[in-house]
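> structure, please.
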Amino acid sequence: MIRDNNVYVNYTANTFQQVIDHNNPTTSATFTQRYWVDYSAWDGNGPALLYINGEAAAESSPTGFAAIYGHNISAVMFTLENRYYGGSMPSDLTNFSMLSEYLNVDIALEDLRSFMTFVESPKYLGRKLRWFIVGGSYSGALSAWFKQKYPSSVLAAWSSSGVVKAQFNFYDYDGHVGDMLPPTCRDSIENVLNIFSDMWDNETTRPALLAKFGVPSYFLKADMSYMLADAAAGAVQYGMKWALCDAIVPQSISDPLGQYNAMISDLWGDSFTSGCYYSTMCLSNRSMSQYWADAGYAWLWQTCSQMSYFQVGFSGGVRRTDVSTDYFVNQCRAAFTPTVFPDVYAFNAKYGGLTPDATNVIALQGSDDPWSTTGVRESLGPNYPAFIAECQDCGHCGDLMMPLASDPPSLVQQREQIVLYMNQWLSSQPSLYTLVLSGNVSFLSTANQSALTLMENAITLDVRASIDQSVIVTALTASSQDLTVTFQIEVNSLNQNIVAENIKTASNQSAWLTNTQSMFTSLGGTGAISVASIQSDNVNPTGSSSSACGPSCTVGILFGCVAAFIIGSLIVIRLTKEKPQPYSSFTERSPLTEELGQ
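Numbers count the residues shown, from 1 in each chain. All right, here's what the predicted structure looks like:
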């Protein structure tokens, strides 16, 4: 354990055996997956933080603001390294049949769930934990998608710069970079790229061009064009816009390329211009596979096969038009297979695009970040707020970084909102309810367990969609006259009135039982399934039990005398910096802040 800004960080990796094929967990082979854990603040009763490391090798337990928050709430904290990154390898990267079958978003989500099960098993802690999940960028999207797929497995998800919308031709990336750059800075970049293009097209001057930047001779023109533009775009993305512009403005008259190369070296290191990451030849040549891991080969597969995010150039953009759709598609097919193609429409239909079907998720964006257009920028409801830190150099995943005294007010306020919402969600308490369904259900009283399980799954889908996504069905019993369903909801000040209203609505009609009715019919049932009652099994603080709710009753306050929580229109919270100009200065208060009087 090493102390970092008053937070202890564990750099020693642990491992466990993760199944390769989650569809066949009992027969599947396993691989060694790495994780890191920090117990330093855990009191044995606090929640569990799972940080998803994303599309790179992991190296420690959670750091930065996530670690600070975890320590403050006495959490046990884990970092899980994704399969096919770092030291968590089901196979070698050259084993394409394994890579293509066992690396995708669905499997990454199953890995997270499997890891939680492992931690709670008798082999490890041997107890149930109250989890919340944190991630940035791709892993920020994973955190939201996990909350959508397994809404009852975690209490909350912290989605920092989560790229939840797969994008085929990602024109917005380059467009946003251009919008964020001062005109003189953008002009300097454009001039460098024009000189590059002219020198490349002249076979006499091309060798000097390659030597100037240290670029290998096997790079394509589009490879180098992509690399040169990305050096600037990445600076905007990661909050280094002014470091970029200060390095290339005013532009050198005698040696603009040398000046630009010096900027690249200062910001990204000397190997940036020669690395495999930008080389189609390297990424498609097995004899160069020793460079693939550091070049993000696994991430290349994920973009080529599922999410795309092809950062194409356009006329008038920062990138040149040779960084085109054809360039990215051909690179994918050279690296993997001639038929690989990302179906982003099917992917977004499955995971929701810019509107994931999830609750208790906080979405964070930075105003300079070109990836923000693939993330949630407008609140999707009281339990899916969005906060944009608007300031100069507010970039990708800024909220996750270690706080500094020099942080702009907007970023400070963004972190305050994280604490505010996470505290509310983590304070949720399990509340029990009983749903009674009537109909010709007598045959289910003698049905086998598999039929009851199918009914339970269908009822769970309907109750989550109509009442609250945190629902866990804990029991289902069938009699000759009705089905009795016991379910649990995690209730907090943000959803308690919404849950009450949803129960009232669900009690008064049965049209919401679409999955239940369909499954009932497929199992041989006849007639309609209807709601007989929804009963709260909780005792409120005054000691009086909540009444049963049938079609003709009215749902009252579920938990005694509590202040009504009213959510206004679904607005994005823009947290703005007071200086410098030209950004305007204003701060909107979130509904939660207003309710708590802060």
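
> average pLDDT for the helix or strand harbouring Trp301?
Taking DSSP states H and E as the definition, Trp301 sits inside helix 297-302. Mean pLDDT, helix 297-302: 98.

> name the helices or strands packed onto that helix?
helix 96-102, helix 325-335 (3 or more CB pairs under 8 Å, 6 or more residues apart in numbering; DSSP states H and E). From N, CA and C alone the C-beta is placed, and that goes for glycine too.

> so for Pro207, which of those helices sits nearest?
helix 325-335 (23.0 Å; CB to CB).

> what residues does the helix holding Trp301 touch?
The contact list for helix 297-302 (CB atoms under 8 Å, 6 or more residues apart in numbering) reads 55, 84-85, 93, 99-100, 103-105, 138, 283, 332, 335-336.

> gap between the residue most central in space within the chain and Val164?
In the chain, the centroid-proximal residue (CA atoms, centre = their mean) is Ala141; its distance is 1.8 Å. Counting by CB to CB, to the nearest Å, the gap between Ala141 and Val164 amounts to 5 Å.

> what sits in contact with each of the two?
Listed as contacting both Ala141 and Val164 by CB under 8 Å, 6+ apart are Gly375.

> any weak-confidence spans in this structure?
Scanning the chain for pLDDT under 70 picks out the ranges 1-6, 539-598.

> could you rerun that using 50?
Judged by pLDDT under 50, the chain has its weakly predicted residues at 539-574, 576-598.

> where does the residue of the chain most remote from its centre land in three-state SS?
Using CA atoms, centre = their mean, the residue of the chain lying farthest from its centre is Thr204. It sits 47.8 Å away. Three-state call for Thr204 (DSSP: H, G, I helix; E, B strand; the rest coil): coil.

> and for His454, the neighbour number?
Rather than His, residue 454 is Leu. 15 (other CB atoms under 10 Å).

> buried residues in the helix or strand it falls within?
Following DSSP H and E, one finds Leu454 within helix 449-466. Of the residues in helix 449-466, 451-452, 455-456, 458-464, 466 count as buried by neighbour count, 16 or more other CB atoms under 10 Å.

> and what of stretch 53-66?
Quick answer for stretch 53-66 (16+ other CB under 10 Å): 53-56, 58, 60-66.

> next SSE after the helix holding Trp301?
Following helix 297-302 in sequence order, the next helix or strand is strand 308-310 (DSSP H and E).

> what residues does that following strand touch?
Here strand 308-310 has contacts from 163, 166-170, 173, 303, 325, 328-329, 342, 344, 374, using CB under 8 Å, 6+ apart.

> in strands, which of the residues you listed fall?
The members of those that map onto strands under DSSP state E are 167-169.

> so which of those residues wins on neighbours?
Neighbour counts for the ones in strands among the contacts of strand 308-310 (other CB under 10 Å) peak at Gln167, which has 21 neighbours.

> that one touches Val344, doesn't it?
Yes. Gln167 is within contact range of Val344, at 6.5 Å (criterion: CB atoms under 8 Å).

> got any residues that touch both of those two?
By CB under 8 Å, 6+ apart, the residues touching both Gln167 and Val344 are 307-308.

> got the ones in strands among the contacts of strand 308-310 as a markdown table, with distance to Gln392 columns?
Below are the ones in strands among the contacts of strand 308-310 laid out as a markdown table (distance: CB to CB, whole Å):
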| residue | distance to Gln392 |
| --- | --- |
| Gln167 | 26 |
| Phe168 | 31 |
| Asn169 | 29 |
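
> which among the residues you listed gets closest to Arg113?
Gln167 (26.7 Å).

> beta-bridge partners for the closest one, please?
Using DSSP bridges, the bridge partners assigned to Gln167 are Ser308.

> against Val105, how distant is it?
From Gln167 to Val105 the distance is 15 Å (CB to CB).

> same question for Tyr11.
Distance, Tyr11 to Val105, using CB to CB: 28 Å.

> between those two, which one's more packed in?
Neighbour tally, Tyr11 and Val105, criterion other CB under 10 Å: the higher count belongs to Val105, 20 against 12.

> my guess is the more buried one meets Gln306, correct?
Yes. The pair Val105 and Gln306 passes the contact test of CB under 8 Å, sitting 6.3 Å apart.

> which neighbours do the two share?
Joint contacts of Val105 and Gln306 (CB under 8 Å, 6+ apart) are Phe347.

> please, where are all the strands along the stretch 151-300 of the chain?
Remark: strands assigned in the stretch 151-300 of the chain by DSSP state E, counting those that start in this stretch are 156-160, 167-169.

> in CSV: these, plus distance to Arg319.
Below are these laid out as CSV (distance: least, CB to CB, whole Å):
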stretch, distance to Arg319
strand 156-160, 25
strand 167-169, 12
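
> which one of the ones you listed lies nearest to Ser536?
Short answer: strand 156-160, nearest of the strands of the stretch 151-300 of the chain by CB to CB, at 23.5 Å.

> now what about that closest one, what contacts it?
Against strand 156-160 from outside (CB under 8 Å, 6+ apart): 66, 132-137, 140-141, 143-144, 146-147, 358, 360-364, 375-376, 397, 399-400, 418, 421-422, 425-426.

> identify the residues contacting the residue nearest to Val19 when sequence neighbours are not counted.
Once flanking residues are discounted, Val19 sits nearest to Ser28: 4.4 Å by CB to CB, 6 or more residues apart in numbering. Neighbour list for Ser28: 19-22 [criterion: CB under 8 Å, 6+ apart].

> just the element for Ser28, please.
Ser28 is part of no helix or strand, with elements assigned from DSSP H and E.

> do the same with Met422
Using DSSP H and E, Met422 maps to helix 409-426.

> quick check: angle from that helix to strand 156-160?
Calculated by axes from the mean of the first three to the mean of the last three CA atoms, to 10 degrees, helix 409-426 forms an angle of 160 degrees with strand 156-160.

> which strands and helices sit next to helix 409-426?
The contact analysis (3+ CB pairs under 8 Å, 6+ apart) places helix 409-426 against helix 64-72, strand 131-136, strand 156-160, strand 361-366, strand 386-390, strand 573-576, helix 591-596.

> can you tell me what sits against the first one?
By that I understand helix 64-72. 7-9, 38, 40-41, 49, 51, 61-62, 75, 77, 134, 158, 399-403, 415, 418-419, 422.

> what element comes up after that helix heading to the C-terminus?
Using DSSP H and E, the helix or strand that directly follows helix 64-72 along the chain is strand 76-80.

> what does that following strand rub up against?
The contact list for strand 76-80 (CB under 8 Å, 6+ apart) reads 33-39, 41-42, 46-53, 58, 60-62, 66-67, 70, 111-112, 115, 119, 129.

> looking at those, which are in strands?
33-38, 48-52.

> dihedrals phi and psi, Glu490?
When read as degrees, to the nearest 10, the backbone of Glu490 gives phi -80, psi 110.

> does it have beta-bridge partners, and which?
Counting by DSSP bridges, Glu490 is bridged to Pro430.

> where's it relative to Pro370, distance?
Per CB to CB, Glu490 is found 35 Å from Pro370.

> show me how to select, in ChimeraX, the buried members of the contacts of strand 76-80.
Listed next is the ChimeraX selection for buried residues among the contacts of strand 76-80, using 16+ other CB under 10 Å:
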select :33,34,35,36,37,38,41,42,46,47,48,49,50,51,52,53,58,60,61,62,66,67,70,111,112,115,119,129
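
> and Gln481, what is it in contact with?
Contact analysis of Gln481 by CB under 8 Å, 6+ apart lists 438, 441-442.

> cool, Thr514 as well?
Asp462.

> do you know how far it is from Asp266?
To Asp266, Thr514 is 59 Å away according to CB to CB.

> how about Asn440?
As for Asn440, its distance to Asp266 is 75 Å (criterion: CB to CB).
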